[in-house]
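In: generate a structure from the sequence data that follows.
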Amino acid sequence: MDALLKAAPNAGAYVSESDYFRERWQDAYWGSHYARLLRVKDALDPGRLFHVHHGVGSEGWSADGFSRDRR
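Out: Next comes the predicted model:
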């Protein structure tokens, strides 16, 4: 991993290849941009129809992604 980071120190990561069970994923994957991205998401997709696991605004869906979380 060190060799890869040396070759491409700011390469980032693909969310689809992320740790499925990562806690605080909003910070880990979206950082300080999350709040702004969530506002955009709310404006463009207020019903949150479009979602992916660990995607912006996905907190309202069940862990399996098949239903809205009623918590």
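In: when you work out contacts or count neighbours from here on, use the C-alpha atoms and nothing else.
Out: Fine.
In: any idea how far the nearest residue to H51 once chain neighbours are set aside is from G47?
Out: Residue nearest to H51 in three dimensions, not counting chain neighbours: S58, with 5.8 Å by C-alpha to C-alpha, 6 or more residues apart in numbering. Distance, S58 to G47, by C-alpha to C-alpha, to the nearest Å: 11 Å.
In: which one of these two has more residues nearby?
Out: S58 (20 against 9; other C-alpha atoms under 10 Å).
In: surely the more buried one meets V52?
Out: Yes: counting by C-alpha atoms under 8 Å, S58 touches V52, with 6.5 Å between them.
In: list of residues touching the top helix by length along the chain?
Out: In the chain, with assignment by DSSP state H, the single longest helix is helix 34-44. For helix 34-44, the surrounding residues in contact (C-alpha atoms under 8 Å, 6 or more residues apart in numbering) are Q26, D27, R48, V56, G57.
In: buried among these? Make that a ChimeraX selection.
Out: Applying 16 or more other C-alpha atoms under 10 Å to the contacts of helix 34-44, the buried members can be selected in ChimeraX as follows:
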select :26,48,56,57
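In: of all pairs in the contacts of helix 34-44, which one is the farthest apart?
Out: Spanning the widest gap among these are D27 and R48, at 20.0 Å by C-alpha to C-alpha.
In: let's see stretch 33-48 as CSV, backbone CA atoms only.
Out: Taking Å, rounded to 0.1, in the frame of the first residue of the first chain, the C-alpha atoms of stretch 33-48 are listed here in CSV:
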residue,chain,number,x,y,z
HIS,A,33,-18.2,18.4,1.5
TYR,A,34,-20.9,16.2,2.9
ALA,A,35,-23.2,18.9,4.2
ARG,A,36,-23.1,20.8,0.9
LEU,A,37,-23.6,17.6,-1.1
LEU,A,38,-26.6,16.7,1.1
ARG,A,39,-28.2,20.1,0.4
VAL,A,40,-27.8,19.5,-3.4
LYS,A,41,-29.2,16.0,-3.0
ASP,A,42,-32.2,17.3,-1.1
ALA,A,43,-32.9,19.9,-3.8
LEU,A,44,-32.6,17.6,-6.7
ASP,A,45,-33.9,14.3,-5.3
PRO,A,46,-36.2,15.3,-2.3
GLY,A,47,-37.8,11.9,-2.2
ARG,A,48,-34.4,10.3,-2.1
